[in-house]
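Novice: Quick one: sequence plus predicted model below, questions after.
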Amino acid sequence: MVLRMILRYLANNEQLIQRLAESYPMRRTAQFIVSAYYRSRSIVQERKLENMTPEQFKRILKSFKDNIKQEIESTKQQTKKRD
């Protein structure tokens, strides 16, 4: 109950939300999400996934997952370097 009240207070604190939105990790995360969206969209348009075999689709998903892991790790390293 107390945790819920604290979270509600923090979520309604406009200054805190603004500072978080302007922070480097949040901006980098937003850039990464938009980049991943556009990359996946272009892959779908290029390869026309409806004509793809399940094995090909699994390979693309694995590659995408590996790329996401690499980006997360590089972002973590960049964040550690900034601190």
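Specialist: Arrived safely.
Novice: Tell me where the model's unsure across this protein.
Specialist: Confidence mapping of the chain against pLDDT under 70 gives the ranges 47-50, 83.
Novice: where along it do the helices fall?
Specialist: In the chain, the helices defined using DSSP state H lie at 2-11, 14-21, 24-47, 54-82.
Novice: how far does the last one sit from the chain's center?
Specialist: Right, the one you point to is helix 54-82. The chain centroid and the centroid of helix 54-82 are separated by 10 Å under C-alpha atoms, centre = their mean, to the nearest Å.
Novice: same check, this time on the second one
Specialist: Taking the mean of its C-alpha atoms, helix 14-21 sits 19 Å from the chain's own mean (C-alpha atoms, centre = their mean).
Novice: what's next to it, contact-wise?
Specialist: The contact list for helix 14-21 (C-beta atoms under 8 Å, 6 or more residues apart in numbering) reads Leu10, Ala11, Met26. (Glycine included, C-beta is placed from N, CA and C.)
Novice: Report the angle between it and helix 24-47.
Specialist: Relative orientation of helix 14-21 versus helix 24-47 (axes from the mean of the first three to the mean of the last three C-alpha atoms, to 10 degrees): 50 degrees.
Novice: Could you check the angle helix 14-21 makes with helix 2-11?
Specialist: Per the same axes, to 10 degrees, the angle that helix 14-21 makes with helix 2-11 is 80 degrees.
Novice: residues of helix 14-21 that come out buried?
Specialist: Buried residues in helix 14-21, counting neighbours by 16 or more other C-beta atoms under 10 Å, are absent.
Novice: Convert the C-alpha atoms of that helix to CSV, please.
Specialist: Provided in CSV are the C-alpha atoms of helix 14-21 (Å, rounded to 0.1, in the frame of the first residue of the first chain):
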residue,chain,number,x,y,z
GLU,A,14,6.0,16.8,-13.1
GLN,A,15,9.5,18.0,-12.4
LEU,A,16,10.7,14.4,-11.8
ILE,A,17,9.1,13.2,-15.0
GLN,A,18,10.6,16.1,-16.9
ARG,A,19,14.1,15.4,-15.5
LEU,A,20,13.8,11.7,-16.4
ALA,A,21,12.7,12.5,-19.9
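Novice: Right, I'll leave it there.
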